[in-house]
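K.L.:
Based on what follows, work out the 3D shape:
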Amino acid sequence: MKRIAMLLSMCLCFATYAIAQTTITGKVTSFEDGEPLPGVSVVIKGTTTGTVTDIDGAYSINAPEPENILVFSFVGMVTEEITVGNQSVIDVQLVPDITQLSEVVVVGYGTQKRKDITSSISTLENDVIENVPANYSFDGAIQGRTSGLNISTSSATPGAAINVNIRGVTSINASSQPLYVVDGIPIVTGNNSALNANIQPVNPLADINPNDIESISVLKDASAAAIYGSRGANGVIIITTKRGSAGKTKFNIGYNTSVSKIANTPDLMNSRQWIEFMNAAAEFDGLGSNYWNSTLGDPNDPNLPTYNAYDYIFRTALAHNFDVSAQGGDEKTKFFVSGNYFNQEGIQVGQEFERISGRLNIDHSATDKLGLGANLLVSRTNHQRTINENDEYGVVVNAQAWDPTAPIIEDDGSYANPFNYNGWWALENPLLIAEQYTNTSVTSRVLASTFATYEILDGLTFKSTWSADFNSLTDEAYIPSGTNNSNASTGSGTYGTFEELAWLSENTLTYDLNLDGGHSFNFLAGYTLQESRQDFSTVEGTGFPSNQIIKISTAANRTGTSGSTSFGFASYIGRVNYSFNDKYLANFTIRTDGSSRFGDNNQYGTFPSGSLGWRVSEENFFSPLKEVVSNLKLRASYGITGNAAIGDFTWRGAYSLTSSYAGQGGTSPDILENPDLSWEKTAQLDLGIDLGLLDDRISITADYFEKTTTDLLLQEDVPGTTGFRIIQSNFGEIQNKGFELGINAKVLKLGDFSWDASVNYTHLENEVVDVVNDGQILSRNFVMREGLAISQLNLIKFLGVDPFTGDAVFEDLNGDGIINLDDRQAVGSGLPTYYGGVSNTFRYKGLALEVFFQFSGGNKIFNQSRHAYQNYGSLQSGLPYGNQSIESLNYWRQPGDITDIPRPSLAGPNDPDAQWQRFSTQYLEDGDYVRLKNIKLSYNLPSSIISKAKLSSVQVFVQGRNLITWTDYLGFDPEVSTNTASTDDLNSLQGEDFGTLGQARTYSFGINIGL
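P.N.:
Below you'll find the predicted structure:
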């Protein structure tokens, strides 16, 4: 019995020991893509007991107590702590640590550690950009994501250009859009379509697949952008695409599909309301009640139909996006290859965007000192657009003007002609315009570069890059015969071509020097040479044999033009970065550019900048505060950048190529030569602070800036005795100043649950300080005035409705007793004075939820559409103007009524009793809005499930975009803008809305599979 008892005791001891030595196993993977993470440290908290994961991310560790806490840590990932409890298998997904990942920032011609940066740069990672539904270019995906960057989507037209400004509008006639640099290549971003009039321009940035992008750096101040010299005045956006890495080849397949609908439509009257409204107008004019019943119909008829044109021109649109990529390699050669197909129907009938693209990035180490690489993008896009904004034959405008008692489609299936019914403002059937008018632009693009790096000495590296950007564009437009818009009985067509080849050669030397005593230097010197040539042609024809044969060669009458332009740059660059003991920082940059765009006397311009930084938190005296304030850096910068985004032959004595006479071809002088013409120059001061709190759980960046542009490129009048009207000159000044704030916070971390948040805010003040012609009328609704912001709306001031007569009252500015265009006055700018975004991301194990709000405001919008559909029943040629807004029902009815809608009247525009609207502040509205821009819910399937199918990762997601907009604006959308056809429009004609297509509300579902 003693032996049996001893044996049982020994077994019990062994069992107890075995329990105490519980072995925990598991696998550590990346939350983003589900890939295994080798080399992850797994340690029992408070001990030295630990292990690391193997190549498959697997680990095994003995944990003696259930209370033990396993700590999982890996560079670039957020550390995880998990209590063992009664678990024997613990799988972990590590989340990227945004703070660590952004330690290295892409800057002009290189990279820099974030802690050493003394300029104002924002960085956006690929998780912000990829998988954004119904987004045709990456610039729309980053809207509201960082301070200082104002992005507006002017229209929901698929593939349409997007307006981007960094720290304000800096020019009047030259471009205010930033310079885009993709993998070191400054790319072509201008709208080169021949179909520019009254149609949304195409967006060359849509040629790039957003899912190929690894990161985006936004260079905002002069210190960051001056390395690009004459093209840095509007800031720089640097795009870095994905590259390969040594190890197992990773394959990724992604697909998402989206459903989109118009987010909002201004409410119009139904047939009964419209007839009653018109009858009220007739009664006010003494014509009796029910005046229109015999013409328009009986409003009390229960069978009275209402035809809402919105129902015909808007649709539920589908989008499909398919991606496939592979990246990998070994220590010698690394590669990334991808393919993409994207197709998006427009929410308006007749619009579509299609893109097919492929990318190949290769890096090869030929020797220990010689590195070679290449980047290649090939894409083809097809833009289907319709006449829309600012056009009397626009689809939306004619839908809003449509007689609600008139059918859109006749019983025989033909398109109804508005002139066979009532109302004179609808000039064409909107569905006919959408379905039968042709506006197609097809682009083919090749973006290629090769580079070589050679380490001459330790720390001294030479890099040579050669790149080319080839862009070919073909336009085709046709207005069918038999339509109200055709300028010939048998149709009219346009065919245009554009081809551009831009090449760039860059050669740079970099040298890293570290000296005793804590002195560190980084030197950059280089020479670049660039040339671009554009060839274009446009052929127009009328008199086609049928609407099915629309090639220009079949037209009876043909006219055509063709031409070419070119420009070149030769540049010298230099930069020095200095650091002393990682506390005192300095950066000095200089670039000299020579350009063919400027006069013989000023072909070269020099653009210097300097910045200083002080890492206060690294000082010894700061140590007592480190537990609370983990990082404090003060920054200051000043520099000068330039703007060369003007015509290629502006300074020269340009000639008109359409000066034939008496049957003889010829040319004629068109503009006077100015050999002294030079760059626009932008001087910018930036004062910034970078602050980290609680071990950088909260990081704050704040900047104040003043940005002054002088020597504006403007056309100046010259005496007629010169034989010319104008000369291109340097004159004028614009100022932008404001402040920016960005906050990132790891709000909460409880076990597997985490909550991260970010906020950014920008306040901006724009002022036209000096121009050639103060008070110049830029268009019917815009003026240029010193002391006010650019894009200044110029309208008659509406004083309200006389409560006794119901008449509209306007301010007689000049006191002549007549209300006309001479009574216009500056009433506010179309440029926002503040904008930003708020993001919250919640994670629990494999689940992630992001909720993103975007906002903008401080700007005015002239709602010209309201001017058209709130016209109080006026007549033209005996016909009503068109349908009315629901808001018009709040019209003045009797003496004493207080309202801002005058009494309706049938009086024509020349009748002294008319309530005919003026272009007045009656239709001026605030553009402020807050938008629930994006919600995305994603789930990464556990590796224990997907490993059985030999998959490394599977992520599924659902997403909603533009879900809710809070605004008082009465149009489709406060973000839209009619005037987008040229750089002048984007600078000085913002804030007008005339039939512009509003934003889409989009729901999408997607899946990404890693192999």
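K.L.:
Run through the strands of the stretch 401-550 of the chain in chain order.
P.N.:
In the stretch 401-550 of the chain, the segments counted as strands under DSSP state E, counting those that start in this stretch are 438-457, 460-479, 492-515, 519-542.
K.L.:
should've said the stretch 201-350 of the chain
P.N.:
213-219, 236-241, 247-262, 317-329, 333-345.
K.L.:
could you dump those strands to a markdown table with mean pLDDT, distance to R843 and mean neighbour count?
P.N.:
For glycine as for every other residue, the C-beta is placed from the backbone atoms N, C-alpha and C. Shown next, in a markdown table, are those (pLDDT from 0 to 100; distance: least, C-beta to C-beta, whole Å; neighbours: other C-beta atoms under 10 Å):
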| stretch | mean pLDDT | distance to R843 | mean neighbour count |
| --- | --- | --- | --- |
| strand 213-219 | 93 | 21 | 22 |
| strand 236-241 | 94 | 25 | 23 |
| strand 247-262 | 92 | 20 | 17 |
| strand 317-329 | 94 | 24 | 19 |
| strand 333-345 | 95 | 27 | 20 |
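K.L.:
Identify whichever of these lies nearest to A282.
P.N.:
strand 247-262 (34.0 Å; C-beta to C-beta).
K.L.:
helices or strands next to that closest one in the packing?
P.N.:
strand 317-329, strand 1000-1010 (3 or more C-beta pairs under 8 Å, 6 or more residues apart in numbering; DSSP states H and E).
K.L.:
per-residue confidence at the closest residue to S481 other than its chain neighbours?
P.N.:
Among residues not flanking S481 along the chain, G491 sits closest, at 4.0 Å (C-beta to C-beta, 6 or more residues apart in numbering). On pLDDT, G491 comes in at 88.
K.L.:
neighbours around G491, how many?
P.N.:
23 (other C-beta atoms under 10 Å).
K.L.:
Repeat that for the one 4 residues further on.
P.N.:
Here the count is done by other C-beta under 10 Å, and Y495 has 22 residues near it.
K.L.:
Helix, strand, or coil at V28?
P.N.:
Under the three-state scheme (DSSP: H, G, I helix; E, B strand; the rest coil), V28 adopts strand.
K.L.:
Verify the contact between it and I90 for me.
P.N.:
No. Using C-beta atoms under 8 Å, V28 makes no contact with I90, being 9.4 Å away.
K.L.:
Settle it for me: which of these two has more neighbours?
P.N.:
Under the neighbour definition other C-beta under 10 Å, V28 and I90 were set side by side, and V28 has more, 28 against 21.
K.L.:
who's in contact with that one?
P.N.:
36-37, 40, 42, 53, 57, 59, 72, 74, 91-94 (C-beta atoms under 8 Å, 6 or more residues apart in numbering).
K.L.:
Mind checking which of the residues you listed are in strands?
P.N.:
If you go by DSSP state E, the contacts of V28 have V42, Y59, F72, V92, Q93, L94 in strands.
K.L.:
Output those in CSV; the columns should cover distance to L712, pLDDT and neighbour count.
P.N.:
Listed next are these as CSV, based on distance: C-beta to C-beta, whole Å; pLDDT from 0 to 100; neighbours: other C-beta atoms under 10 Å:
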residue, distance to L712, pLDDT, neighbour count
V42, 62, 92, 24
Y59, 64, 93, 22
F72, 58, 90, 23
V92, 58, 89, 24
Q93, 54, 86, 23
L94, 52, 86, 21
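K.L.:
Switch the residues you listed over to CSV; also include distance to G751.
P.N.:
Listed next are the ones in strands among the contacts of V28 as CSV, based on distance: C-beta to C-beta, whole Å:
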residue, distance to G751
V42, 17
Y59, 19
F72, 13
V92, 11
Q93, 13
L94, 14
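K.L.:
for stretch 199-215, which positions count as buried?
P.N.:
199-215 (16 or more other C-beta atoms under 10 Å).
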